[in-house]
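Q: test case, fold it:
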Amino acid sequence: MKGRTLLPLAIALVTLPVSYAQTDSAQIKPVSYQVVDGNKVDNNTLQGWRTWRALACERCHGAQQQGMVGPSLIDAFKTIDTNEFHRTVFGGRIDKGMPDFSSSAMMQKNWQNLFAYLKGRSDGKIKPGDLQAIDAK
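A: Predicted structure coming up:
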């Protein structure tokens, strides 16, 4: 009898982490970008660039993401992943001067698009300066 009551508990404990991991990965989708001629990008990446501009990230990271008071994002995005970016943007690094953007509706909606834009800049595919949609005339 004792073994029968422990079996459902053991099954629940084994399957719980698996379902949690699936939920977590479903929330953070893979990030990609499309770019043509260095300054024409897909609509999501364009929204990421607009988020960059609207939240004035260049004040600390530089207009070309080269770093100023804040670190170079060109260098950082060689190794940073979406999870670390999410933690930084939505938790800040107050001791280093990085604000917490968790109350920004624009950031909540576009953080993955911003990641795509910055990744494209770091990869050297997206050139600095103004961007436009790929399908813009």
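
Q: quick one: which helix or strand includes residue 71?
A: For residue 71, there is no host helix or strand (DSSP states H and E).

Q: grab the nearest non-local neighbour of it.
A: residue 61 (7.3 Å; C-beta to C-beta, 6 or more residues apart in numbering). (Each C-beta comes from the backbone N, C-alpha and C, glycine too.)

Q: distance of the one you found from residue 136?
A: Distance, residue 61 to residue 136, using C-beta to C-beta, to the nearest Å: 26 Å.

Q: which phi and psi does the residue nearest to residue 71 have?
A: Phi and psi for residue 61, reported as degrees, to the nearest 10, are phi -100, psi 0.

Q: what's near enough to touch it?
A: 67, 68, 70, 71, 72, 73 (C-beta atoms under 8 Å, 6 or more residues apart in numbering).

Q: so where is the protein shaky, pLDDT-wise?
A: 1-30, 137 (pLDDT under 70).

Q: at 80 what do you get?
A: Scanning the chain for pLDDT under 80 picks out 1-31, 136-137.

Q: and the helix or strand harbouring residue 83, what does it pack onto?
A: The secondary structure element spanning residue 83 is helix 82-91 (assigned by DSSP H and E). Packing partners of helix 82-91 (3 or more C-beta pairs under 8 Å, 6 or more residues apart in numbering; DSSP states H and E): helix 105-122.

Q: what sits against residue 33?
A: By C-beta under 8 Å, 6+ apart, the neighbours of residue 33 are 41, 42, 44, 45, 48, 116, 117, 119, 120, 125, 126.

Q: how about the helices in the protein?
A: With DSSP state H as the criterion, the chain has helices at 2-27, 43-54, 58-61, 73-76, 82-91, 105-122.

Q: in the second one, which residues are buried?
A: Right, the one you point to is helix 43-54. By neighbour count with 16 or more other C-beta atoms under 10 Å, helix 43-54 contains the buried residues 44, 45, 46, 47, 48, 49, 50, 51, 52.

Q: got these as JSON lines, with distance to residue 96 columns?
A: Formatted as JSON lines, those follow (distance: C-beta to C-beta, whole Å):
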{"residue": "44", "distance to residue 96": "28"}
{"residue": "45", "distance to residue 96": "27"}
{"residue": "46", "distance to residue 96": "29"}
{"residue": "47", "distance to residue 96": "27"}
{"residue": "48", "distance to residue 96": "22"}
{"residue": "49", "distance to residue 96": "24"}
{"residue": "50", "distance to residue 96": "25"}
{"residue": "51", "distance to residue 96": "21"}
{"residue": "52", "distance to residue 96": "19"}
